[in-house]
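Novice: just to be clear, the model below is a prediction. Sequence and coordinates:
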Amino acid sequence: MLVVTCPGCSLLCEDIELVLKTGAISQAKNLCRKGYGHFQSMFTERTEPTIDGQKVSMDEAIVSAAEILKGAKRPLLYGWSNSTLEAQKVGIELARKLNATIDDTSSFCQGILMERVLKGRVPTCALDDVRNFADTSVFWGADPSNSHPRILSRFAYYPRGEKRQKSYEEERTCIAVDVRRSATAKLCPNYYFRVPPGGDAEFIGALMAVLEGKIPKFGDKKRMIELGTVLRKTEYGVIFPGLGLIYSLQEKMGLLEALVARLNEIATFKVVPMVGHYNMRGFNQLLLDETGFINRVAFSDGKATHGPENSVIEASKSCDAALVIGSDPLSALPFKTAQRLAKVPLIAIDPRRSLTTDAAKVVIPSAMYGLEAGGSAIRMDGVKIEFEAMMESDLMSDEQILARIKEAI
Amino acid sequence: MVSAMEIYTLLPKTPCKECGYASCMAFAVALLNREKKLEDCPPLLEPKYAEKYKKLKELLAPLEKASETGLIIHPEKCFGCGNCVVACPVNVAAEPTRCAVGLGPQGEKVILVVEDGVVKAQNIKECRRFGPNKVLCNACMVTCPSKAIEFV
């Protein structure tokens, strides 16, 4: 039996027990459905090294990729959230060498909030602190039952912690703020607060009014006062903002910052962004350490510039080659962006087939992290988790492939 | 889940007491608890109740899947989140250093365990709902986000 770390989502659960047989998983314990799907996918639709759809050797594919990148004036390197810290590090070096634009999925995901968290403008804490001390967890615009299935059972609501021995039965409160009654909201029916789509800014305003002792002008007044009372009684609260809140607030993210600051006058309140991909925070942290920006960076002669013009949406308009690693932008991004990306010479490094690998000029297969390759990643709360390769594989890891490309350039 | 009242409305309601119970309602509860079978009601087997008998058969069919404690798991609805594994008091008592703090169980003494992405029940005899002196614990059911766990 193998004890593995699951890179299915950014919780990076370390207590997974797997029994492998050739070509399949014979038994998987403690793995949620999402993680089980992730490991199962290792045995289906794996990629092969190809150039223009023709099968080639690994070396030829790498040389061809290096040539495309070398010949490009403004290459775009995109993806990164599903790679280890080691691979990301090589990737940033590669971008510096190529004078390329580098961006990751946080650009249109949790980036706005993550920047505030990493720069210390919003207080944050480790998930182990949530388990040990937190008595109120607020899931705002997030449905962890679907996106991070084990967060409630491992950290936020059900487990007993150092100071929370009575757990969900007496000492913990879970609050869900969402546009619909999600699976998570069903677990806390008394503390489910509905916001109309895009109404989060007004909701924050009403909550601030309640905390000031005024009558709120938005939503159900009684319910808002009830929420205010729960937050006032809290000793250690944690807010988990999901993509729903991020997309709704966008430029108004200062409102959330102000709310957290106001709540911290009452008690300790922390923010842990609900990161989707397992190492998005790792990439943001690495790039911040290297350049001072968390994403959307363009290098020119070793200097880094940051701005919305370097986001994947804008950069796809001006780039003349793109390297996509561990991501599927062609199915995830808006149609126009996907169309533009599909037209430039595209290099895809991915262990599995996707729309992006189908459209790519050069496809380089990589090893599946967690099982075939090891490394380290940063969990959604900023804790570094290391994992090892669990089985032997002929495939190269992202890190090795990028190093080879860099060498060839 | 089917209720005793639904079963009662389909019974012949001739308080003949041939089943050994004082009323048809008591017999309906016994059916729900799987202490009696439909065939224990002689009037129900008469041709004029044939349709009701058929309906009752359909109604009681899901109960056959239930374990001795009345637990029914719908694996197709389960997310594998492990809320029930961590909430179950028997699991917590069996593995205080793992289940109690949110980790998955390692030993064999636990009742609920997530296997291949979905929850599975084992050691049913350890459940607080087992046996005649049962406690009507429902920790696993109320913590399920997808209603994958039900009790009869």
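Specialist: Everything's here; your move.
Novice: could you report the neighbour count for the residue nearest to A:Met391 when sequence neighbours are not counted?
Specialist: Sequence neighbours aside, A:Leu371 is the residue nearest to A:Met391 in space, at 5.7 Å (criterion: CB to CB, 6 or more residues apart in numbering or on different chains). (Each C-beta comes from the backbone N, C-alpha and C, glycine too.) By other CB atoms under 10 Å in any protein chain shown, 24 other residues sit near A:Leu371.
Novice: assumed A:Leu371 was part of a strand.
Specialist: No. A:Leu371 is assigned coil when assessed by DSSP: H, G, I helix; E, B strand; the rest coil, not a strand.
Novice: surely it and A:Phe43 touch.
Specialist: No. Using CB atoms under 8 Å as the test, A:Leu371 is too far from A:Phe43 to be in contact (10.6 Å).
Novice: near chain B, which residues of chain A? Just list them.
Specialist: Neighbours of chain B within chain A, by CB under 8 Å from any CB of the partner chain: A:15-17, A:25, A:27-37, A:131, A:145-146, A:149-150, A:152-155, A:157-161, A:168, A:183-184, A:186-187.
Novice: can you give me phi and psi for A:Val260?
Specialist: A:Val260 has phi and psi values of phi -60, psi -40 when expressed as degrees, to the nearest 10.
Novice: distance of it from A:Val195?
Specialist: A:Val260 is 17 Å from A:Val195, where distance means CB to CB, to the nearest Å.
Novice: those two: which has the busier surroundings?
Specialist: Taking other CB under 10 Å, A:Val260 and A:Val195 do not tie; A:Val195 has more neighbours (23 against 20).
Novice: now list the buried members of the residues of chain A next to chain B.
Specialist: Among the residues of chain A next to chain B, the ones that count as buried by 16 or more other CB atoms under 10 Å in any protein chain shown are A:15-17, A:25, A:28-36, A:131, A:145-146, A:149-150, A:152-155, A:157-161, A:168, A:183-184, A:187.
Novice: narrow the residues you listed to those in helices?
Specialist: Counting by DSSP state H, these place A:33-36, A:131, A:145-146, A:168, A:183-184, A:187 in helices.
Novice: three-state assignment of A:Pro123?
Specialist: Taking three-state DSSP, the label given to A:Pro123 is coil.
Novice: in space, what's closest to it - neighbours in sequence excluded?
Specialist: By the measure of CB to CB, 6+ apart, the closest residue to A:Pro123 outside its immediate chain neighbours is A:Lys270, 5.2 Å from it.
Novice: that neighbour and A:Cys125 touch, don't they?
Specialist: Yes. Assessed by CB under 8 Å, A:Lys270 is found in contact with A:Cys125 at 4.2 Å.
Novice: name the residues contacting each of these two.
Specialist: Listed as contacting both A:Lys270 and A:Cys125 by CB atoms under 8 Å, 6 or more residues apart in numbering or on different chains are A:Val238.
Novice: compare the two (neighbour count), which wins?
Specialist: Taking other CB under 10 Å, A:Lys270 and A:Cys125 do not tie; A:Lys270 has more neighbours (23 against 19).
Novice: what helix or strand does the more buried one sit in?
Specialist: strand A:268-271 (DSSP states H and E).
Novice: what's that strand packed up against?
Specialist: When contacts are defined as 3 or more CB pairs under 8 Å, 6 or more residues apart in numbering or on different chains; DSSP states H and E, strand A:268-271 sits against strand A:236-241, helix A:253-266.
Novice: buried ones in that strand, by neighbour count?
Specialist: Applying 16+ other CB under 10 Å to strand A:268-271 flags A:268-271 as buried.
Novice: domain parsing of chain B, as residue ranges.
Specialist: Domain assignment of chain B by automatic domain parsing yields the ranges B:4-64, B:71-151.
Novice: of all the ones you listed, which lies closest to chain A?
Specialist: Nearest to chain A among the domains of chain B is domain B:71-151; the distance by CB to the nearest CB comes to 2.8 Å.
Novice: for stretch B:50-64, give the mean pLDDT please.
Specialist: Mean pLDDT, stretch B:50-64: 87.
Novice: and what of stretch A:211-219?
Specialist: Mean per-residue pLDDT for stretch A:211-219: 89.
Novice: restrict stretch A:147-156 to CA atoms and write it as CSV.
Specialist: The C-alpha coordinates for stretch A:147-156 follow below in CSV (Å, rounded to 0.1, in the frame of the first residue of the first chain):
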residue,chain,number,x,y,z
SER,A,147,-14.8,22.2,-5.3
HIS,A,148,-12.7,21.1,-2.3
PRO,A,149,-14.8,18.1,-1.0
ARG,A,150,-12.7,17.4,2.1
ILE,A,151,-12.2,20.9,3.5
LEU,A,152,-15.2,20.7,5.8
SER,A,153,-14.3,17.3,7.2
ARG,A,154,-10.5,18.0,7.5
PHE,A,155,-10.4,21.6,8.7
ALA,A,156,-13.3,23.9,8.7
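Novice: what are the buried residues along stretch A:255-274?
Specialist: A:255-256, A:259-260, A:262-263, A:268-274.
Novice: end-to-end on stretch B:28-45?
Specialist: This stretch, stretch B:28-45, spans 15 Å end to end (CA to CA, to the nearest Å).
Novice: now do stretch B:140-152
Specialist: With CA to CA, one end of stretch B:140-152 sits 14 Å from the other.
Novice: who's in contact with it?
Specialist: Residues from elsewhere that reach stretch B:140-152 (CB under 8 Å, 6+ apart): A:145, A:158, A:168, A:183-184, A:186-187, B:1, B:32-34, B:63, B:66, B:69-75, B:77-79, B:81, B:83-84, B:86-88, B:112, B:118-119, B:129, B:138.
Novice: which among these count as buried?
Specialist: The neighbour count (16+ other CB under 10 Å) marks A:145, A:158, A:168, A:183-184, A:187, B:32, B:63, B:66, B:69-74, B:78-79, B:81, B:83-84, B:86-88, B:112, B:118-119, B:129 as buried among these.
Novice: so which of those sit within strands?
Specialist: If you go by DSSP state E, those have B:71-73, B:112, B:118-119 in strands.
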